[in-house]
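1. Curious how this folds, go ahead:
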Amino acid sequence: MNFAIIVDSSSGIKQNEFKNVFVVPMTITKKKNTQNFTYQDGVDITQKQIFKEMEEGVVFKTASPILSKCSDLLEEIAGKYDEIYILPIPMNISGTYNQWKLLSSDYENVFVYNPKAPSWNTRWNVLDLLAMKDINHEKVEKYMNDTYGKNTMGIVLNELKYAIRGGRIGLVKGLIATALKLNIVLDLTVKGLEYMNKALNVNKIFSIVSNVCCEQIKYNGNNIDRLCIYMSKVRNQKFKTETIKKLLIEGFGFKGVEFAELPAVISVHSGPNYVGFSVRVK
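-> Next up, the predicted model:
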């Protein structure tokens, strides 16, 4: 089977990183002074640029990929592959899934799936599909359904001002949590960039994460299949960040930990001082 995979930049996958895997950039917008600017994630703006301007008070927002970019890509490659599998940013976070569903209706060989979480969770899906023998739509659909409930992802915010500015956390709750020096954990799966739990202090972070994993993916303390810890390279000077990293690694007790930065389109909502995690159970 001659197949291709399409993802967007929320997956963290780079263009040309894998053969026959195409990456469509998400849209990032900002308003500075009275002017509006639109960028393509990873093409004409970087995470470093975003964080620098966020420190200066600039508010960024995110949106689906440019529709014409998606349409042009399908038109270009649809005739070159037997089947095309699209794994967009999850529909609970963005309207991108519905955009792809609309475009795919014009093609008999294009199929759209809904991953449980973006970033490394989607990357793991792609790697598994690339390794799949005798691949076809039915097998991919079964795989996506079977693994959907085994994935979760969250971000621990050390600073809340960026989430407050972007409207992800209410002003009053954010100010109270900041005054009490508490953390917030954002859920990027079931609720979609919403509270994973109430404000909490650093010593309770793993217990909260563990409880949510138990609820969402039947984590039992001994069934981790894959684990990625996200940490910003741009800004990682706070001791609390290292403490949270240690809590997560020791708490999960999993030796095969991967480390990465959040994709820029996700870190717009977290700011530079974060620790995140993606988990898949067996």
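2. From here on, just use CA atoms for contacts and neighbour counts.
-> OK.
3. Could you point out the helix or strand that follows the helix or strand harbouring Glu138?
-> Using DSSP states H and E, the element containing Glu138 is helix 137-148. Once the chain leaves helix 137-148, the next helix or strand it forms, by DSSP H and E, is strand 151-157.
4. Give me the contact list for the helix holding Glu138.
-> Residues outside helix 137-148 that contact it (C-alpha atoms under 8 Å, 6 or more residues apart in numbering): Glu83, Tyr85, Phe111, Tyr113, Asn114, Pro115, Lys116, Asn125, Leu129.
5. Just say helix, strand or coil for the residue positioned nearest the centre of the chain.
-> Nearest residue to the geometric centre of the chain (C-alpha atoms, centre = their mean): Pro118, 3.2 Å. Pro118 carries the three-state label coil when classified by DSSP: H, G, I helix; E, B strand; the rest coil.
6. how about low-confidence regions in this protein?
-> 158-205, 212, 233-241 (pLDDT under 70).
7. Could you pull out the strands in it for me?
-> 3-8, 21-24, 27-32, 35-40, 59-63, 83-87, 110-112, 151-157, 184-187, 194-195, 224-231, 257-260, 274-281 (DSSP state E).
8. related to what we said a few turns ago, tell me what angle the helix holding Glu138 forms with strand 274-281.
-> 120 degrees (axes from the mean of the first three to the mean of the last three C-alpha atoms, to 10 degrees).
9. Extract the C-alpha set from helix 137-148 and format it as PDB.
-> Below are the C-alpha coordinates for helix 137-148, written out as PDB (Å, rounded to 0.1, in the frame of the first residue of the first chain):
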ATOM      1  CA  HIS A 137      -7.900   2.400   6.300                       C
ATOM      2  CA  GLU A 138      -9.600  -0.300   8.300                       C
ATOM      3  CA  LYS A 139      -6.400  -1.200  10.200                       C
ATOM      4  CA  VAL A 140      -5.700   2.500  10.800                       C
ATOM      5  CA  GLU A 141      -9.200   3.100  12.100                       C
ATOM      6  CA  LYS A 142      -9.000   0.100  14.400                       C
ATOM      7  CA  TYR A 143      -5.600   1.200  15.700                       C
ATOM      8  CA  MET A 144      -6.800   4.800  16.400                       C
ATOM      9  CA  ASN A 145      -9.800   3.500  18.200                       C
ATOM     10  CA  ASP A 146      -7.800   0.900  20.200                       C
ATOM     11  CA  THR A 147      -5.200   3.500  21.300                       C
ATOM     12  CA  TYR A 148      -7.500   6.500  21.800                       C
END
